[in-house]
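Peer 1: please work out how this folds:
(2 chains, ligands or ions: 2)
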Amino acid sequence: MSNSIFRTKGLTKVYRSGAQEVHALRGVDFRAARGEFIVILGPSGSGKSTFLNIVGGLDTATAGEAWFGDHQLTALDERGLTQYRRDHVGFVFQFYNLVPSLTARENVALVTEIARHPMSPDDALALVGLTDRRDHFPAQLSGGEQQRVAIARAIAKNPEVLLCDEPTGALDSATGIKVLEALAEVNRSVGATTLVITHNAAIREIADRVLRFADGRIVEETTNATKKSPAEVSW
Amino acid sequence: MVISPLRRKVLRDLRRLWAQVLAIALVLAAGVATLILGNGAYSSLHETRARYYDDYRFADVFADVTRAPRALLGDIREIDNVLAAEARIAKLALLDLPTMAEPGTLFMVSLPENADRGLNLLHLRLGRLPDPQSAHEMVVSEGFAAAHRLHLGARLAVLMNGQRRELVVTGIALSPEFIYALGPGEMMPDPRRFGIAWLPRPALEAAFDLEGAFSNVVLKLAPGASVDRAIEALDRLTAPYGGSGAVAREDQISHAFLDAELKQLRAMVKVLPPIFLMVAAMLVNITLSRLITLEREQIGLLKAIGYSSRAIAQHYVEFVLAIAMLGIVIGVAAGSWLGAGLAQLYVRFFSFPFLIFTRDPQIYGLAAGFTVAAAVAGALFAVRVAVALPPAAAMSPPAPADYRARMAGLRRLFALRQTGVMVARHLFRWPLRTASGMFGVAMAVAILVASLWSFGSINHMIDVTFTRAERHDALVAFGAAEPARALFAARQMPGVLAAEPFRAVAARISHRALSRKLSIMGKPEAPVLSRVLAPDLRPMAMPEAGLILSEALAEALAVRPGDRVTVEFLEGARNTVTLPVSGLSLGYVGLGAAMEIAALNRAAGEGAVISGVALQIDETQQKAFYAAAKATPKTGFVAVTALTVARFKETLAENITVMITVYVGLAAIIAVGVVYNFSRIALSEQGRELASLRVLGFTRGEVSGILFGELATIVLLAQPFGWLFGYVIAFGMVQAFSSDLYRVPFVIGPEVYVTASLVVCAAALASAWAIRGRINSLDMVEVLKTRE
Ligand SMILES: Nc1ncnc2c1ncn2[C@@H]1O[C@H](COP(=O)(O)OP(=O)(O)OP(=O)(O)O)[C@@H](O)[C@H]1O
Ligand SMILES: [Mg+2]
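Peer 2: Numbering: from 1, shown residues only, chains lettered A, B, ... in the order given. Ligands and ions are numbered 1, 2, ... in the order given. Sure thing, here's the model as predicted:
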């Protein structure tokens, strides 16, 4: 299927610490189409982050394969993975991970400077509605604003995929909605395939597809025929 | 034994931060080591000399005469406060060895009359003293014996007063008078070409036609007696017999050179240890501050569960004391080891029968005390913050760093990328810390500049002295003044291409209350082979009537060109005249005064006489020249420029490697200590940011570049300050070192700055390299899971 951007087959991750083995992923088979908005749910410790980190090129698998288009991620070395992240992936994390010594605009510019086809940092900030706060340092912004800067930073390179690990985890629900709206808006306008991990089941209604992880496997998959906009969701 | 939890934490912190702890401890250790080394060497040398002088009855006053009757000794002993006086014969003899073509000199000294109550007693190393009746037995100085592999019973031919005599070595000895045995016309001791031989008085009386007379007298004064008054009285008595003026112990050559060495050690102790201790205090401060910031919440928790502020402060002070202890242990070990090495150098350079390497507990106590004080001072500033925090405030995360600086200008100026802006903001955010880092690096550079410059300056001194001023190949000094025609005889010697006469007359030059005793040199009006240079290095013509004084002498007498000085000649007719100062000359070694030769003779009330000749020699006929010079009875001694310079450079080369190694090592310790600690702290502060950048797709190289960029900025900005500090320290040292013996030209070539910077940058690079592994293994996944 030429339309699929991600493919994993039997993706397995085992953490070994001494004699103990933790099976974080036990053979995950997964496909994502270009432009899809996918929400990942599941109990704590079910392997969601591990999965996202491997398809994001931050971690390596113990067994199985992960493909990004024609690139086999599981075959790339450290240098190749760095290049993959740099060229194709935008990340958003629970704790924003902004650089405190750079302003909002500079945090975005940090990425556009090394990207191949970036949008301008100002456009990226406009997309998340932060034009007037662009000269503020992270410490001068609220949590939600920081997270929106992080989203702007993630999308400013025009990534093919946007990976978000609990982007609303540290926010109150009203702010969380704003962040999700921003994500949905970006998904629509940039067309980036978006994977969002969350504990908030209500989010599922804004997704094209919902995956449920449990014990290192995908145990449930639902496709939404009609997705709601974030504002319609009751949290 | 139960170890309290906090104490266990100290041990765990020490183990966890071992590399930083070691880096700081090494800087402290360098301070301790230099303190122990300097103070230890100083007191060792000082005490050894004092004991040696005491045990071997080193004289207080020394005087040469041409020929005085032994009866005069009775009068000399009558001088107030003279405890003992010894009339001696002390004359130069030429070596006549088949194994040595080049000229060599033996200083022939009559043995102390009484081996117990005499003065300048010998320390016999081997063999026995000569039979008092024997005319051909002698004791030789240890250095000379070693250089020529002389054993007891060895035979040696010398030319005394032109007479060849074969002498037998019956003993090998040392004397407090020749701890530093500098030959005539030499710049460095060379035991091969200059030695001392002690013979019974009658043997020397006969050899030098001094029966019933003496040529040298030494006095021992009552403790606390006025040396000046004794010298005055002695000069009055010896004047009729060609007394050229007595000198006090402080002007005796061997003693004065030892003094210069002691002065240098003193200066080293004043400069080096404080630098290390200051840098160490700074490192303790920044490292501990970071530790406390990281442990802020733990501190809050500890306080909340009832630990007192005092207990917490004590915890951190204990951590720092442990570092100080480590520094002291390493420093004491290194200081003692280096001290033993320095003692070896002294033994090679100075001839002592024994060396008291003082293990004065006071020195060690002082070193330890200073070190602990420096470390604790550094710690207190950091700990104060921890102690002041109320528990609740401590447990909440610290207020985020406040970055305000816009830096639009900087950014445009350097076309900075965002990563560059990160570096700049970070440096500006903690200006004090950035400044202390620069200070530390600058000090490493300064230590090198302040030590390396001297080698270049010594080379400059040699270059100026021997290629511009003293351009002769050899210098023959006559035993006594000769008629001017001796010049023509000299020109006839084999290999002589050109000859230029010189005259040397002992005189006391005074101006108001200041006076100095020295030899005034008479030279042709426009000398070619032995020139006098103006401060701008241009050769000076000898004035018709006036004197040219070296800058050092002019300073000592507080005179300027145009002033008149009183010259009291201490030879011949012993005239006293006043002469104008016509100009000032450059002079690095000793005090100098020069005149036109005929004018000098006129002023001294003498005819056309010369004291010796400066010669240009045909290299291919060197050996023939040496043989002829030796064979001429007039010859007092021969100095060969090439040998003097070679010996000087050789001695310098022997020490230069050791010295450079030590100073480079010391500077590297500072540079590594500062850069390593700074990089660890920067990594600890920015690790999270850097890992986040890696997530965003920045390569390992780019991420390392941010951290290294910060370090490089500190290191590079520190360089000019290092040069400046180094310059100032070196300038201070020049002032401290310059004496009547020598004044070091203050020239610092660009190569000194370049070398210093290269060494420090290399050390910085090496220590930055050491944390590369830590940057490469930054855990990206981990940083995403946790809040800062
Ligand atoms: N570095 C590690 N070493 C050992 N085990 C690990 C490591 N990282 C994750 N694990 C384990 O792997 C399993 C999956 O972890 P993962 O972080 O993927 O869970 P998650 O679904 O994201 O959970 P949460 O919703 O709490 O974030 C867990 O049991 C976790 O304990
Ligand atoms: Mg997770």
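Peer 1: check contacts around residue B:675.
Peer 2: B:441, B:711, B:715, B:763-764, B:767-768 (C-beta atoms under 8 Å, 6 or more residues apart in numbering or on different chains). Where C-beta positions appear, they are placed from N, C-alpha and C, glycine not excepted.
Peer 1: any of the residues you listed buried? List them.
Peer 2: Buried by 16 or more other C-beta atoms under 10 Å in any protein chain shown: B:441, B:711, B:715, B:763-764, B:767-768, out of the contacts of residue B:675.
Peer 1: top helix in chain A by residue count?
Peer 2: In chain A, assigned by DSSP state H, the helix with the most residues is helix A:173-190.
Peer 1: report the buried residues of that helix.
Peer 2: Buried, per 16+ other C-beta under 10 Å, within helix A:173-190: A:175-187, A:190.
Peer 1: of the residues you listed, which pair is most distant in space?
Peer 2: Farthest apart among these by C-beta to C-beta are A:175 and A:190. That separation is 22.0 Å.
Peer 1: number of nearby residues for residue A:205?
Peer 2: Residues lying near residue A:205 (other C-beta atoms under 10 Å in any protein chain shown) number 17.
Peer 1: give the helix, strand or coil label for it.
Peer 2: helix (DSSP: H, G, I helix; E, B strand; the rest coil).
Peer 1: re the thing from before, what's the longest helix of chain A packed up against?
Peer 2: Counting contacts by 3 or more C-beta pairs under 8 Å, 6 or more residues apart in numbering or on different chains; DSSP states H and E, helix A:173-190 is packed against helix A:121-127, helix A:143-155, strand A:161-165, strand A:193-197.
Peer 1: what about it, distance to the chain center?
Peer 2: 12 Å (C-alpha atoms, centre = their mean, to the nearest Å).
Peer 1: alpha carbons of stretch B:353-365, as CSV, please.
Peer 2: Extracted C-alpha coordinates of stretch B:353-365, given in CSV (Å, rounded to 0.1, in the frame of the first residue of the first chain):
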residue,chain,number,x,y,z
PRO,B,353,78.9,18.8,52.3
PHE,B,354,75.4,18.0,53.5
LEU,B,355,71.9,19.2,52.7
ILE,B,356,69.4,19.7,55.5
PHE,B,357,66.1,19.1,53.8
THR,B,358,63.9,20.6,56.5
ARG,B,359,60.8,18.6,57.3
ASP,B,360,59.6,21.5,59.4
PRO,B,361,56.1,20.6,60.5
GLN,B,362,55.4,24.3,60.5
ILE,B,363,55.8,24.4,56.7
TYR,B,364,53.4,21.5,56.3
GLY,B,365,51.0,22.9,58.8
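Peer 1: residues making contact with it?
Peer 2: Residues outside stretch B:353-365 that contact it (C-beta under 8 Å, 6+ apart): B:35-36, B:39-40, B:43-44, B:47-48, B:51-52, B:123, B:125, B:174, B:332, B:339-340, B:343, B:346-347.
Peer 1: which residues touch the longest helix of chain A?
Peer 2: A:35, A:37, A:92, A:127-129, A:142-144, A:147-148, A:151, A:155, A:158-159, A:162, A:164, A:167-168, A:171, A:192, A:194, A:196, A:200, A:203, A:206, A:229-231, A:233, A:235.
Peer 1: does residue 171 count as helix, strand or coil?
Peer 2: By default, I'm working from chain A. Counting by three-state DSSP, the backbone at residue A:171 sits in coil.
Peer 1: wait, I meant chain B there
Peer 2: Residue B:171 ends up strand, using three-state DSSP.
Peer 1: dump the residue contacts of it.
Peer 2: Going by C-beta under 8 Å, 6+ apart, residue B:171 touches B:124-130, B:139-140, B:152.
Peer 1: and for residue B:551?
Peer 2: The neighbours of residue B:551, taking C-beta under 8 Å, 6+ apart as the test, are B:535, B:584-587, B:743.
Peer 1: same thing but at 7 Å, please
Peer 2: Contacts for residue B:551 were tallied using C-beta atoms under 7 Å, 6 or more residues apart in numbering or on different chains; they are B:535, B:584, B:586-587.
Peer 1: I'd like the next helix or strand past the helix or strand where residue B:41 lies.
Peer 2: Residue B:41 belongs to helix B:18-55 when assigned by DSSP states H and E. Per DSSP H and E, the first helix or strand lying C-terminal to helix B:18-55 is strand B:61-69.
Peer 1: which residues does residue B:441 contact?
Peer 2: Counting by C-beta under 7 Å, 6+ apart, residue B:441 has contacts B:671, B:674, B:714-715, B:718, B:722, B:760.
Peer 1: let me know the helix or strand that the nearest residue to it once chain neighbours are set aside is in.
Peer 2: Nearest residue to residue B:441 in three dimensions, chain neighbours excluded: residue B:718, at 3.7 Å (C-beta to C-beta, 6 or more residues apart in numbering or on different chains). Using DSSP H and E, residue B:718 maps to helix B:700-737.
Peer 1: how about that helix: buried residues?
Peer 2: Result for helix B:700-737 [16+ other C-beta under 10 Å]: buried residues B:700, B:702-715, B:717-719, B:721-723, B:725-727, B:729-730, B:733-734, B:737.
Peer 1: separation between the closest residue to residue B:786 other than its chain neighbours and ligand 1?
Peer 2: Leaving out its chain neighbours, the residue that sits closest to residue B:786 by C-beta to C-beta, 6+ apart is residue A:95, at 7.1 Å. Computed as C-beta to the nearest ligand atom, to the nearest Å, the residue A:95 to ligand 1 distance reads 12 Å.
Peer 1: phi, psi of residue A:95?
Peer 2: phi -110, psi 30 (degrees, to the nearest 10).
Peer 1: please apply the same query to residue B:356.
Peer 2: Dihedral pair for residue B:356: phi -90, psi 100, per degrees, to the nearest 10.
Peer 1: any idea how far residue B:141 is from it?
Peer 2: Per C-beta to C-beta, to the nearest Å, residue B:356 is found 21 Å from residue B:141.
Peer 1: okay, these two: which has more neighbours?
Peer 2: Each of residue B:356 and residue B:141 has its neighbours counted (other C-beta under 10 Å); residue B:141 has more, 26 against 17.
Peer 1: which residue is nearest the middle of chain A?
Peer 2: Nearest to the mean C-alpha position of chain A, by C-alpha atoms, centre = their mean, lies residue A:163 at 1.3 Å.
Peer 1: how confident was the prediction at the closest residue in space to that residue that isn't next to it in sequence?
Peer 2: Using C-beta to C-beta, 6+ apart and skipping residues adjacent in sequence, the residue nearest residue A:163 is residue A:56, 4.7 Å away. The model reports residue A:56 with a pLDDT of 93.
Peer 1: so, low pLDDT: which residues of the chain?
Peer 2: Since no chain was named, I'll use chain A. A:1-2, A:230-231, A:233-235 (pLDDT under 70).
Peer 1: um, chain B though
Peer 2: Those would be B:1-2, B:394-400, B:404-409, B:412-413, B:787-788, if you go by pLDDT under 70 across chain B.
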